[in-house]
Structures are given as structure tokens and as C-alpha cells.
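1. give me a 3D structure for the following:
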Amino acid sequence: MAHEYDLVILGGGTGGYVAAIRASQLGLKTAIVEKEKIGGTCLHKGCIPSKAMLRSAEVFRQSKNAQQFGIDVSDVKINFSAIQNRKQTIVDQLHSGVKSLMKKGKIDVYYGTGRILGPSIFSPMPGTISVEMEGLENEMLLPKNVIIATGSRPRNINGIDVDGETIMFSDHALQLETLPKSIIIVGGGVIGIEWASMLADFGVEVTVVEYGNRILPTEDLEISSEIEKLLKNRGINIVTNAQITSDSIKIENGITVSATVNNEVQTLETEKMLISIGRVGNIEGIGLENTEIETDSSFIKVNDAYQTKEKHIYAIGDVIGGMQLAHVASHEGIAAVEHIVNGKISHLNSQNIARCIYSYPEIASIGLTEQQATELGHGIKVGKFPFKGIGKALVYGNSEGFVKIIANKDTDDIIGVHMIGPDVTNMISEAALAMLLDATPWEIGETIHPHPSLSEIIGEAALAVDGRAIHI
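-> Okay, the predicted model is just below:
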């Protein structure tokens with residue numbers, strides 16, 4: 001049976017369902033085709049479940065350290081099944097909420113695999129969607145426009161067999177029934193460091209093996225150095241300039257693997273291994289071969305309006321590469337829909353998008369690193385202020401880290417803000433607003449931040465850009 005729509009979206013993740021809601025608001029008859037569960041990777045296999053588990057790890061760590069606050073707590077234990085149950089309760093509640101939003105917006109959701117068909121009796125252009133549903137006849141959707149929002153999946157290392165039990169991706173780790181005694185995390189990027197921090201808090205012996213010369217290589221060098229120092233202080237073993245030799249892996253009562261570290265071979269032993277070396281776009285099996293759509297590696301190529309080479313077919317989110325963040329996908333989805341409706345081009349400026357890492361301590365950043373600014377030829381001035389100088393941080397018992405603000409020496413505009421310390425994933429939004437408005441350090445410094453608050457550090461760092469910081 002054929003159904004006509006103004007817009008069909010392949011993928012009901014954060015980018016896809018937000019695009020559908022905006023399309024509904026603008027009067028488009030809209031449908032989503034979702035292979036698994038509405039809400040996608042972020043809700044079911046990524047952002048939300050991992051942050052729920054990180055919160056449990058934080059509470060456990062704080063409970064063990066309660067004595068410093070004058071609270072005697074004895075016999076603190078981990079109930080890992082209860083942690084998993086709490087995580088799933090949160091996911092289920094949000095999943096129910098997203099399904100309610102679909103009903104509210106009168107958005108049709110087809111659960112199955114959507115494939116783009118080429119020119120046919122239904123349309124002279126590619127874009128008809130065939131929905132394959134298990135045990136049912138295919139549904140044919142006839143949209144005027146299509147948005148591909150099929151997301152991404154973990155990237156593997158050639159020659160390594162990920163069985164989901166001993167060698168895992170983060171998807172599998174979220175479903176662990178018991179905590180391992182030890183784990184090797186291959187990859188020192190955002191996901192790897194979040195898992196390293198969480199599992200260390202839970203008492204797991206953690207080794208991070210990173211191919212590059214530092215963990216979190218896309219962060220400012222000072223941030224990367226600070227988090228490495230703090231993670232090592234917590235007992236996490238970090239090995240850089242290391243390459244896993246896939247054919248050396250032996251699985252017998254755990255894992256034995258060889259790694260080449262600075263041209264020397266080291267043998268590592270562990271109970272489990274987590275592969276976390278990035279993600280690849282889900283472009284297979286969706287009918288791209290029936291179109292003129294171009295790809296680069298595993299990602300779909302788009303223009304500033306998120307159009308593919310087939311102008312009525314758009315693509316957003318992880319499947320186009322870029323920053324691969326849930327909040328980016330959402331805004332790309334909105335931008336694509338608004339271009340469909342009114343031709344408005346609202347391409348996101350990556351320099352104005354905040355990036356967060358929910359480790360302990362937290363990390364948040366926006367704009368250029370000091371190294372990037374220098375390489376681009378900017379004359380810069382830098383202000384930096386430590387959390388040790390902030391009263392509220394001492395009250396919280398969490399005074400490690402700093403805030404660093406980078407400004408263009410010629411224009412005085414803020415071009416980068418980098419934070420490591422307590423609650424910085426919430427505080428980064430002030431920096432994001434500042435950069436959106438082309439604010440200067442003077443304007444942030446003149447903003448009166450309440451005392452005592454953690455946010456005072458942003459004002460102090462802004463004042464420090466011009467040598468005017470008060471409490472240092």
C-alpha cells in the first residue's frame with residue numbers, strides 16, 4: 001500500500017525525531033522510518049544510559065569520600081543490577097515521552113528498514129521509500145522530500161572479533177550484568193575516557209591504550225594534559241603511542257594482547273576489552289545505490305543546506321560525519337526542515353557548538369584550541385583561572401581543574417573557551433552564548449556572577465585575559 005507524505009525521515013534518533021517535530025510544527029505531513037526504537041542511539045545506547053551509569057559512579061565515589069564532609073558512611077557497596085535497573089527506568093521514561101511527542105505531532109512511525117528506491121512507477125525521481133517490516137508486507141511511502149538520519153555505529157579494528165562478551169563496543173558494555181575486575185579500553189577519545197572514568201570509580205582496574213601521543217587529541221593541549229594527570233592519580237593506566245596487534249589477541253580466562261608502544265612490544269592482560277576508536281556512518285542497505293548521492297568514506301556528502309546531490313533528499317547527524325553530537329544532529333534536522341519549507345539556509349557554525357565530556361572531572365569546550373588559533377595565524381591573548389581559587393569549588397570538595405579563555409588580540413572577540421572541573425558541562429552554555437553574540441572578555445568580566453558560585457570562575461578567567469583577575 002502506498003502512502004503520500006511531505007517528508008519521510010529515515011531514522012528516529014535525536015536528529016530524526018526532532019526534525020519530524022519541527023516539520024509537524026510547520027504543517028508538513030511527516031513520517032519516520034525507524035529500524036529499532038524511536039530515540040535512537042543517544043537514548044538507548046549512548047548519551048542517556050551512559051550518563052545514568054556515570055551518575056551512579058559519581059554517587060559511589062562521593063559516598064566513599066563522605067568522611068571529608070564530616071559524614072561517616074560505612075560499608076558502601078555497589079549493587080550493579082540496581083544501577084542497571086535505574087538506567088533502564090530512565091531510558092524507558094524518556095522513550096515513552098518521545099513516543100508521546102510523535103502522537104502529539106501526528107507523526108506516523110513505521111518500524112522497519114527503509115530503503116530509497118530509484119525512479120519507478122511511483123515517481124520519476126529517486127526517493128520512494130520501501131519499508132521492510134518483519135512478517136508483514138512492505139509499505140511504500142511516497143514523499144516529496146526525504147531526510148536521511150540513520151546515525152552511526154562503533155568503528156572496529158581490522159582483525160578483531162567483537163563478540164559482545166569479552167571484546168565489546170560501548171553498546172555491549174551498557175548491558176554488562178557484572179563488573180569486570182579489569183578492562184583495556186582501546187581508544188582515548190571522548191567515549192573511551194568517559195568509560196575509563198566510570199569504571200575506575202566502580203573499582204575496575206582500567207588501562208587506556210591510545211594510538212596517538214595524547215588522550216583527547218581534539219581538546220586543547222592543556223586540557224588533555226590535565227585530565228591525563230588526574231586520571232593517572234586515580235590509578236588509571238594510560239598508554240599512548242600504542243598500537244594493538246590484532247592477531248596477537250588470545251582469549252582464555254580473559255584476554256592477552258600485544259601492543260607496540262614507542263616501537264617496543266608490550267604484553268597486556270585483562271578480563272575484558274572495550275573498543276572505542278570512533279564511529280562510522282550507517283549508509284549501507286538504505287538504497288543510496290539507487291540515487292546520485294555521493295559519500296566520502298562512510299559518510300554522506302551534503303551542502304550548506306544539508307542537501308545531498310539529490311536536492312530533495314537531505315542528510316543530517318552522524319551519517320554526514322562532522323562533530324557527531326546529539327545536539328548537533330537535532331539542530332541540523334531543524335535547519336534541514338526549515339530549508340525544505342522556506343529555503344532558509346542555517347548551516348551550523350562548528351566553532352559555536354559546545355563539546356562536553358562527562359568524565360570526572362568534567363570537560364567542556366567551544367571554539368578554537370590555543371594550538372588551532374596559533375596555526376590559523378590569530379594573534380591571541382589567554383586568560384586562565386583555577387578552581388582552587390573559587391570558594392564554591394572548595395565547598396564542594398572538588399577544586400581540581402581550570403577555565404581557559406582565548407581571545408583574538410586584534411578584535412578582542414572570544415574565539416575559544418576550555419574548561420575542566422566541577423559542573424563545567426552546564427557552565428559551558430554561558431561561553432556558547434558569548435561566542436554566538438561575539439562577546440569580548442571585557443563583557444563577560446563585567447557580567448556580575450553570583451557569589452558563591454562555580455560560575456564565578458568564568459568571570460575571573462575573562463578578567464585574566466587582560467591581567468585583571470581578582471582572586472589570584
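
2. list the buried residues in the top helix by length along the chain.
-> As assigned by DSSP state H, the longest helix anywhere in the chain is helix 80-104. The neighbour-count check on helix 80-104 (16 or more other CB atoms under 10 Å) flags 83-84, 87-88, 90-91, 95, 98-99, 101-102 as buried. The way it works is simple: take the backbone N, C-alpha and C, and place the C-beta from them, glycine included.

3. any chance of a markdown table for the residues you listed, columns pLDDT?
-> As requested, the buried residues of helix 80-104 are exported to a markdown table (pLDDT from 0 to 100):
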| residue | pLDDT |
| --- | --- |
| I83 | 98 |
| Q84 | 98 |
| K87 | 98 |
| Q88 | 98 |
| I90 | 98 |
| V91 | 98 |
| H95 | 98 |
| V98 | 98 |
| K99 | 98 |
| L101 | 98 |
| M102 | 98 |
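
4. from those residues, which single one is nearest G127?
-> Set against G127, the nearest of these by CB to CB is M102 (22.1 Å).

5. isn't the closest one right next to Y110, touching?
-> No: the pair M102 / Y110 is not scored as a contact, 11.3 Å apart, by CB atoms under 8 Å.

6. overlap in contacts of those two?
-> Residues touching both M102 and Y110 (CB atoms under 8 Å, 6 or more residues apart in numbering) are I32.

7. picking up where we left off before, in JSON lines, list the buried residues of helix 80-104 along with distance to A373.
-> Output for those, formatted as JSON lines (distance: CB to CB, whole Å):
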{"residue": "I83", "distance to A373": "41"}
{"residue": "Q84", "distance to A373": "43"}
{"residue": "K87", "distance to A373": "39"}
{"residue": "Q88", "distance to A373": "43"}
{"residue": "I90", "distance to A373": "39"}
{"residue": "V91", "distance to A373": "39"}
{"residue": "H95", "distance to A373": "41"}
{"residue": "V98", "distance to A373": "39"}
{"residue": "K99", "distance to A373": "44"}
{"residue": "L101", "distance to A373": "40"}
{"residue": "M102", "distance to A373": "43"}
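
8. looking at those, which is nearest V280?
-> Minimum distance to V280 across those is 23.9 Å, recorded for V91 (CB to CB).

9. the closest residue to A464 other than its chain neighbours: what secondary structure?
-> Spatial nearest neighbour of A464, excluding adjacent residues (CB to CB, 6 or more residues apart in numbering): G383 at 3.3 Å. Under DSSP: H, G, I helix; E, B strand; the rest coil, G383 falls in the strand class.

10. show me the contacts for G383.
-> G383 is in contact with 404-405, 407, 441, 461-466, 469, counting by CB under 8 Å, 6+ apart.

11. switch to 6 Å and redo it
-> Neighbouring residues of G383 by CB atoms under 6 Å, 6 or more residues apart in numbering: 405, 461, 464-465.

12. show me what it is bridged to.
-> Legend: beta-bridge partners of G383 under DSSP bridges are I405.

13. give me the distance between it and I444.
-> Relative to I444, G383 is positioned 10 Å away (CB to CB, to the nearest Å).

14. and for those two, which residues touch both?
-> Counting by CB under 6 Å, 6+ apart, G383 and I444 have no shared contacts at all.

15. on that earlier part again, CSV for the contacts of G383, including distance to A305, pLDDT and neighbour count?
-> Shown next, in CSV, are the contacts of G383 (distance: CB to CB, whole Å; pLDDT from 0 to 100; neighbours: other CB atoms under 10 Å):
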residue, distance to A305, pLDDT, neighbour count
I405, 33, 98, 28
A461, 37, 98, 27
A464, 40, 98, 22
V465, 36, 98, 26
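
16. adding secondary structure and distance to T295, write those residues out as a markdown table.
-> A markdown table is the format used below for the contacts of G383 (DSSP: H, G, I helix; E, B strand; the rest coil; distance: CB to CB, whole Å):
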| residue | secondary structure | distance to T295 |
| --- | --- | --- |
| I405 | strand | 38 |
| A461 | helix | 42 |
| A464 | helix | 45 |
| V465 | helix | 43 |
